[in-house]
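Colleague: Fold the following.
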Amino acid sequence: MSKNNRKCYLCGKTYYYCPNCTNDYNKPTWMFMFESENCFKIFNALQLHYQKSLTDEEMLTIIDNSDISELETFTEIPKRQIKDLLSKRKNQVTEINETDTQKVKTVPKKSTRNKK
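Modeller: Residues are numbered from 1 along each chain as shown. A predicted model of the protein is given here:
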């Protein structure tokens, strides 16, 4: 095997892939651009989300089911897209919590005095 000849469009890792070589000719064609199937799936989902074919919720589900443990090494645009989505989720949770807090009413305590 030769030295790494490709760089993943999502995570930026370098890897070796030669579609005409005996070891690689049966591998999937997404390997032209992506180091792993995880990177391929995330990148494609981000494209669909950008084109409005996936909702924020659908995209967040895909992110939840993917490995983004090395998010900081991702290329700039996909990293920003993912961080924006995660930020939206965080803001939604905060808004829900604030709304729930506003709904809580103070219930007067029952008197504990002995009634005669």
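Colleague: what's the average pLDDT for stretch 54-64?
Modeller: Mean per-residue pLDDT for stretch 54-64: 95.
Colleague: any idea which element the residue nearest the centre of the chain lies in?
Modeller: Residue closest to the average C-alpha location in the chain (CA atoms, centre = their mean): I63, at 3.0 Å. Assigning secondary structure by DSSP states H and E places I63 in helix 56-64.
Colleague: buried ones in stretch 25-39?
Modeller: The neighbour-count check on stretch 25-39 (16 or more other CB atoms under 10 Å) flags 30-31, 34-36, 38-39 as buried. Where C-beta positions appear, they are placed from N, C-alpha and C, glycine not excepted.
Colleague: what's the span of it from first residue to last?
Modeller: For stretch 25-39, the first and last residues are 20 Å from each other (CA to CA, to the nearest Å).
Colleague: same check, this time on stretch 56-76
Modeller: Stretch 56-76 has its terminal residues 19 Å apart, counting by CA to CA.
Colleague: so how far is that stretch off the chain centroid?
Modeller: Put simply, stretch 56-76 sits 2 Å off its chain's centre (CA atoms, centre = their mean, to the nearest Å).
Colleague: Enumerate the positions of it that are buried.
Modeller: Buried residues in stretch 56-76, defined by neighbour count with 16+ other CB under 10 Å: 59-60, 62-63, 68, 74.
Colleague: Pick the one among these closest to T14.
Modeller: Taking CB to CB as the measure, T14 lies nearest F74 of the buried residues of stretch 56-76, at 14.4 Å.
Colleague: Let me see the ranges of the helices in the protein.
Modeller: Ranges of helices within the chain are 37-50, 56-64, 76-103, based on DSSP state H.
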